[in-house]
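Novice: Here is a sequence with its predicted model. Questions after.
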Amino acid sequence: MTGAPTPEVEDDGWAGANPFAPSFRDDPYPAMNQLREKDPVNETPVGPWRISRHADVVDVFRNAPTSQTLADGSSPNMDDQDRRGSFRDFMLNMDGPEHARLRRLVLGAFTPKALKHIEGEIDRVVDEAMHTALKQGGMEVVEDFALRIPSRMICRIMGLPEEDIDQFTVWTAARTNAFFARFLPEDVVEHTRQAGEQMADYFEAQIKLRRANPREDLLTNLIQSEEKGDRLGDVELAIQAIGLLIAGFETTIGLIGNGTKALIENPDQAELLKQNPDLAKNTVEECLRYDTPVLFNWRVLTEPYEVGGKTLPENAVLWMMLGAANHDPRVHDDPDTMDITRQGISHASFGGGAHTCLGNQLARMEASRAFHAFVSRLPKAEIQYDDCAWSESFFRVLGKMPIEFH
């Protein structure tokens, strides 16, 4: 990791905020803030329009006539040559009745009532991580904390062996690049395809096991669920399982990792949370606003629509710049400052509309318990910046962040 880059004025169409530049992930906020204030509805050199102001992002999510795909049914971002395990057939990339059908099949596993029974399991995993860290005088935050919590929980919900977590970690980080593969180097795209193949093999084998020996888990529920007499086939099941694993795994690593980093770098906020445990839930919302792991997602207009004073055409691809919207000073005072007591937090980190992240309650539950335990049980920590690194994920997710206590 390097220090925060200074946005450059480049005559390349990106207005100093190229999301595919390696330096962008280190600290994208100066560049995104500049983009939002100077050109909030910006046509990129590769075609899509970036929407940066909070009000415009919310308006598109709530009101604009949009789809996840282009008029011909193809994805605006994904790899047309992707073979198996393609996100093009995942519920996230579908609209209307088909999206609603698939979402209903899994939504029950992620309601607050359904998640209530795993609260104790989350606390057990957090306690184990804290105990080990105190004994060792430090921890590798990603492996020992940010990854450990969501990986164990999603494995439990889906009924997957915990001994496979290391393999999931490699696969999911690589597979996130499929979301914007059309804009990435060929070697990255090929690595992403291979991860998709391997995940498809894995889940098709798991599905065969469940058909022969059903269990009390989400994968079995998907196999047995019926919607007007229609059951998911093995290929469709595998694709949904891959997407759910990534949705419940990778982004929550980012939330807990980025949030822990922010609390260490803002010790006054960590002390506030330590003294006021009731702020744990608000801390999660502020961490989601302050440093979201998903900096942008997409929508496609199905008819012309005015955004920020510009009428965009039918089939226009919109990149919703969630990180920029979350730092919009029109909505939040002093938005580049972390404040866990902030009232009326309005972030776009879980998207919006029909495609709002269905695992948001699980992510909030995991992060709330993780943040409170971290500040209440551990001494002051120092990040070893020279040994930090980002993961291979397309998202803003740390791959390594060792800390020492003092």
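Specialist: Arrived safely, thanks for sending.

Novice: Show me the helices in the stretch 1-150 of the chain, by range?
Specialist: Under the criterion DSSP state H, counting those that start in this stretch, the stretch 1-150 of the chain contains helices at 29-38, 54-63, 96-107, 112-115, 119-136, 141, 148-158.

Novice: and the fourth one, what does it pack onto?
Specialist: Helices and strands touching helix 112-115, as assessed by 3 or more CB pairs under 8 Å, 6 or more residues apart in numbering; DSSP states H and E, comprise helix 360-377. No exception for glycine: its C-beta is placed from N, CA and C like everyone else's.

Novice: Kindly present the helices of the stretch 1-150 of the chain as a markdown table, with separate columns for mean pLDDT.
Specialist: Shown next, in a markdown table, are the helices of the stretch 1-150 of the chain (pLDDT from 0 to 100):
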| stretch | mean pLDDT |
| --- | --- |
| helix 29-38 | 96 |
| helix 54-63 | 97 |
| helix 96-107 | 78 |
| helix 112-115 | 76 |
| helix 119-136 | 92 |
| helix 141 | 97 |
| helix 148-158 | 90 |
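
Novice: most packed of those?
Specialist: Counting by mean count of other CB atoms under 10 Å, helix 141 has the highest mean neighbour count of the helices of the stretch 1-150 of the chain, with a mean of 26.

Novice: What lies in contact with that one?
Specialist: By CB atoms under 8 Å, 6 or more residues apart in numbering, the residues outside helix 141 that reach it are 257, 260-261, 398, 401-403.

Novice: mind checking how far the helix or strand hosting residue 167 is from the chain centre?
Specialist: Here residue 167, judged by DSSP states H and E, is contained in helix 165-175. In terms of CA atoms, centre = their mean, to the nearest Å, the centre of helix 165-175 is set 14 Å apart from its chain centre.

Novice: do the same with stretch 192-204
Specialist: Centroid separation between stretch 192-204 and its chain, computed with CA atoms, centre = their mean, is 20 Å.

Novice: which parts of it are buried?
Specialist: 192-193, 195-196, 198-200, 202-204 (16 or more other CB atoms under 10 Å).

Novice: Tell me the one of those nearest residue 222?
Specialist: For the buried residues of stretch 192-204, the residue nearest residue 222 by CB to CB is residue 203; the value is 10.6 Å.

Novice: Name the nearest residue to the closest one, sequence neighbours excluded.
Specialist: Closest residue to residue 203 apart from its sequence neighbours, by CB to CB, 6 or more residues apart in numbering: residue 238 at 4.1 Å.

Novice: Same question for residue 252.
Specialist: Closest residue in space to residue 252, ignoring its immediate chain neighbours: residue 150 at 3.8 Å, by CB to CB, 6+ apart.

Novice: Relative to residue 371, how far out is the nearest residue in space to residue 162 that is not next to it in sequence?
Specialist: Nearest residue to residue 162, sequence neighbours excluded (CB to CB, 6+ apart): residue 155, at 5.3 Å. As judged by CB to CB, to the nearest Å, residue 155 and residue 371 stand 22 Å apart.
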